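# This is a predicted model, with the sequence first.
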Amino acid sequence: TFALVGWAERGGYGARGHGNSVPRFHVTWGTGPALVEIFARRPVGNPLVRFAHRHRVDELIVEGGEAVGVRGAVLEPSTAVRGAP
C-alpha cells in the first residue's frame, strides 16, 4: 500500500516569510514494527515494563497525574510473522 499525504505544512511565500519557503510534507514510513522499535529500545530490560504483543491499549490508568498502567484488549490470534501483512 502507499501512504497518501493528507496535509502539507505550508510556509510563507518567500524565504523571509513565516514558516517554510516551500510546502513540506511529513510522512512516517515504517508505521509498524520499525516505528515501535524506536520507542521500545530504552525500556527493554526494565522490570516495570512488560511487552504484550498482539494486544491493544485502549486506556491509560492515571493516578496522581501520572500514568501507572494501561487497560486494553487481546487481539485475535495470528500465525503471521511480526511485521508481515
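Sure thing, it's come through. Numbering: from 1, shown residues only.
# which SS state does F39 fall under?
When the structure is split into helix, strand and coil by DSSP: H, G, I helix; E, B strand; the rest coil, F39 lands in helix.
# how near is it to A67?
When C-beta to C-beta, to the nearest Å is the yardstick, F39 and A67 sit 14 Å from each other. C-beta coordinates here come from the backbone N, C-alpha and C atoms, glycine included.
# and V36, how many neighbours?
Here the count is done by other C-beta atoms under 10 Å, and V36 has 15 residues near it.
# which element follows the one helix or strand L35 maps to toward the C-terminus?
Taking DSSP states H and E as the definition, one finds L35 inside helix 33-40. Stepping forward along the backbone from helix 33-40, the first helix or strand reached (DSSP H and E) is strand 55-63.
# tell me what the next helix or strand after that following strand is packed against?
Going down the chain from strand 55-63, the next helix or strand is strand 66-74, by DSSP H and E. Using 3 or more C-beta pairs under 8 Å, 6 or more residues apart in numbering; DSSP states H and E, the elements in contact with strand 66-74 are strand 55-63.
# Partner strands of the strand it packs on and their direction?
The strands beside strand 55-63 in its sheet (DSSP bridges) come out as strand 66-74 (antiparallel).
# Name the surrounding residues that touch the strand it pairs with.
By C-beta atoms under 8 Å, 6 or more residues apart in numbering, the list of residues contacting strand 66-74 from outside reads R54, H55, R56, V57, D58, E59, L60, I61, V62.
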